[in-house]
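S.K.: Could you work out the structure for the sequence below:
(chains A, B, C and D)
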There are 2 protein chains.
Amino acid sequence: MAALEHLFQGSALNAVDGKGRVSIPSFLRTVIERRGDARTVVLAKHEAFPCLSAYDPAYAALKHAKLERLLEKEETNPDAQLEYQQRNLMAFAATEEVPYDSSGRILMPPMMRRKGQIGELALFLGTGETFQIWSPKLLLDDPRIPEDLKDIARFRLEERGQS
Amino acid sequence: MAALEHLFQGSALNAVDGKGRVSIPSFLRTVIERRGDARTVVLAKHEAFPCLSAYDPAYAALKHAKLERLLEKEETNPDAQLEYQQRNLMAFAATEEVPYDSSGRILMPPMMRRKGQIGELALFLGTGETFQIWSPKLLLDDPRIPEDLKDIARFRLEERGQS
DNA sequence: TAAAATCCCATAAAATCCCATTGTATCCCG
DNA sequence: CGGGATACAATGGGATTTTATGGGATTTTA
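M.R.: Here you go, the predicted model:
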């Protein structure tokens, strides 16, 4: 159950239904449950891309512990104090932890849905330590995204379109 | 039930009614009850921000124990003695412990309400080991608060306004 | 006994559970 | 190897429960 022995990988395109529910792809759930024993995802706005960043609570705790150790080193520095407060706020207040049910679905919180501009479709992308949730349209429109990755998004869209 | 295995996370904006009652958001109550078995919150003025700092009794006990150990180490240092006395005063005399009822509401003590300048609305922000209670307006006006977090406060205000 | 705190009940909206369906991947055995 | 049987994933929709909140009644406190 060591936190970072298991990495998030792969992609999937799932529907967001009228109630705001989305299935977390099972291959991501497997990693979550191997890293800890929660059936829960932590959602945050991605710092660089117009999408959401997601991970498991064990990873969040690990990140927090790291921050704490950093503070103890710089305890005397007054600037460090404010910076610490700010980071803590971003790491915890600006994130939401949502459990998934027995069928693997979360209720996407309205705030996160808006921050990630997620509409009827959610594109899940594994990125190792974390995974991302995109509006497929936004991903295709972003010039920073490699063409090969866009091909994957297009493929997932087609897959769904023809059904 | 280890104290710091569960962290406070997320945000919510709740109403303070005419009697001074506020609901503690359920996701914070869950953490409180997992950390110990009290249905109680400890309130204090935040040391840096114009808001309240809040936590569970188990965390208060833990913090106290930590202070004690620190003191024992520095027993010979007279400065440490004074500092300990001061911190101890703040940690206990300047805080109030209030239980929440079966519907999850506390009666916000008038002194704390004034210290935090909490009006009709209380913004709850998880910050890991503790959580904060803000007047949303004061948060929006504070230059030290990251813009992304203010966005969240604005979102919560909107959410409520349109209903 | 007046003010304040607490309890109790009511409600609307939201979140959660539960069951059903469908498509797809996997298994197993002849 | 074929082809049905099986298991699981994603998803829809109804039923149930929880949450936040208002307001009255009762108890406690000063």
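
S.K.: and chain A, which residues reach chain B?
M.R.: Contact residues, chain A versus chain B (Cβ under 8 Å from any Cβ of the partner chain): A:42, A:45, A:60-61, A:64, A:81-82, A:85-86, A:88-97, A:110-111, A:114. Every C-beta, even on glycine, is put in place using the N, C-alpha and C of the backbone.

S.K.: From the residues you listed, which land in helices?
M.R.: When DSSP state H is applied, the residues of chain A next to chain B are split such that A:60, A:61, A:64, A:81, A:82, A:85, A:86, A:88, A:110, A:111, A:114 fall in helices.

S.K.: quick one: which two of these are the most distant?
M.R.: Greatest spatial distance in those: A:81 and A:110, 33.3 Å, computed using Cβ to Cβ.

S.K.: Of the two, which one has the most company?
M.R.: Neighbours were counted for residue A:81 and for residue A:110 using other Cβ atoms under 10 Å in any protein chain shown; residue A:81 has more, 15 against 11.

S.K.: Tell me how far residue A:8 lies from chain B.
M.R.: In this structure, residue A:8 and chain B are 20 Å apart, going by Cβ to the nearest Cβ, to the nearest Å.

S.K.: So what's the residue count around the nearest residue in space to that residue that is not next to it in sequence?
M.R.: Nearest in space to residue A:8, with sequence neighbours left out and distances taken as Cβ to Cβ, 6 or more residues apart in numbering or on different chains, is residue A:126 at 3.7 Å. As a burial measure, residue A:126 scores 18 neighbours (other Cβ under 10 Å).

S.K.: So for residue A:126, what pLDDT did the model give?
M.R.: The score at residue A:126 is 98. That number is its pLDDT.

S.K.: Where do the helices of chain A begin and end?
M.R.: According to DSSP H, the helices that chain A contains are A:26-35, A:57-73, A:78-88, A:110-115, A:136-141, A:147-161.

S.K.: Which of those helices sits closest to DNA strand C?
M.R.: In terms of Cβ to the nearest atom of the strand, the element of the helices of chain A nearest to DNA strand C is helix A:110-115, at 6.7 Å.

S.K.: and the closest one, anywhere near DNA strand D?
M.R.: No - among the residues of helix A:110-115, none lie within reach of DNA strand D under Cβ under 7 Å from any atom of the strand; the closest is 13.8 Å away.

S.K.: per-residue confidence averaged over that helix?
M.R.: Averaging the model's pLDDT scores along helix A:110-115 yields 97.

S.K.: Does anything pack onto that helix? Which helices or strands?
M.R.: Here helix A:110-115 is seen to pack against strand A:40-45, helix B:147-161 when contacts are counted using 3 or more Cβ pairs under 8 Å, 6 or more residues apart in numbering or on different chains; DSSP states H and E.

S.K.: which bits of chain A sit near DNA strand C?
M.R.: Contact residues of chain A with respect to DNA strand C, defined by Cβ under 7 Å from any atom of the strand, are listed as A:19, A:20, A:21, A:98, A:99, A:101, A:102, A:103, A:107, A:109, A:110, A:163.
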